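K.L.:
Here's my sequence, what's the structure:
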Amino acid sequence: MCKVLIFGCIAAVILMTAAFGAPLNKTKLSPAQKEARLQASIIDLALLKDIDNNFLDFYTPNDKQECNHTTLACFLKELKVLKQDVEEEDKQHVINIEKNLEDLVDSDFSNPTCKKCEANEKKKFPEFHQEMTRFLQSMQK
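P.N.:
Here you go, the predicted model:
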């Protein structure tokens, strides 16, 4: 009886995975795809420049090249906070940036010398925006 239950659960998980199209492994982006996503994110980010959000503080990384993955993950984390507090017309730009950058994050990356998001300085939106723009532009090079 127990074996039947276990195999039934495993079969259900396999069927649900197939039904919902869950990817089994992450596909790697080509350099051209990465460039296109970075460029689209920079354009969307420029459209957010004039957001009036001086009441929130954002952890703002300013790490060097060896921590790109950690820095990108931190910016994405802070974008989720921003998405909750922007007007509806700006929310789509934040969502676009998130979607474009999520595939660039390497979830397996680990470097003990890179700072955790919460260890970065908190800054208001204009400084956060400027640092993120600089970071994305540096990733293009």
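K.L.:
Please enumerate the strands of this structure.
P.N.:
Counting by DSSP state E, one finds strands in the chain at the ranges 58-60, 121-123.
K.L.:
Straight-line length of stretch 42-62, end to end?
P.N.:
17 Å (C-alpha to C-alpha, to the nearest Å).
K.L.:
mean confidence for that stretch?
P.N.:
Taken as a whole, stretch 42-62 has a mean pLDDT of 90.
K.L.:
do stretch 130-140 as well
P.N.:
93.
K.L.:
circling back to that earlier point, could I get the strands of the chain in CSV, plus columns for distance to residue 139 and mean neighbour count?
P.N.:
The C-beta positions use only the backbone N, C-alpha and C, and glycine is treated the same way. Compiled in CSV, those are given as follows (distance: least, C-beta to C-beta, whole Å; neighbours: other C-beta atoms under 10 Å):
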stretch, distance to residue 139, mean neighbour count
strand 58-60, 16, 22
strand 121-123, 20, 14
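K.L.:
Kindly reformat those strands as JSON lines and extend each row with distance to residue 95.
P.N.:
What follows is the strands of the chain, written out as JSON lines (distance: least, C-beta to C-beta, whole Å):
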{"stretch": "strand 58-60", "distance to residue 95": "17"}
{"stretch": "strand 121-123", "distance to residue 95": "22"}
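K.L.:
among those, which is nearest residue 106?
P.N.:
With respect to residue 106, and counting by C-beta to C-beta, the nearest of these is strand 58-60 at 19.6 Å.
K.L.:
Relative to that closest one, what are the paired strands and their orientations?
P.N.:
Paired with strand 58-60 in the same sheet, following DSSP bridges, are strand 121-123 (antiparallel).
K.L.:
picking that back up, quick one, which of the strands of the chain is nearest to residue 134?
P.N.:
Within those, the stretch nearest residue 134 is strand 58-60; the backing value is 10.7 Å (C-beta to C-beta).
K.L.:
low-confidence ranges in the protein?
P.N.:
The chain contains residues with pLDDT under 70 at 1-5, 7-9, 11-13, 15-26, 64-65, 107-108.
K.L.:
Good, wrapping up.
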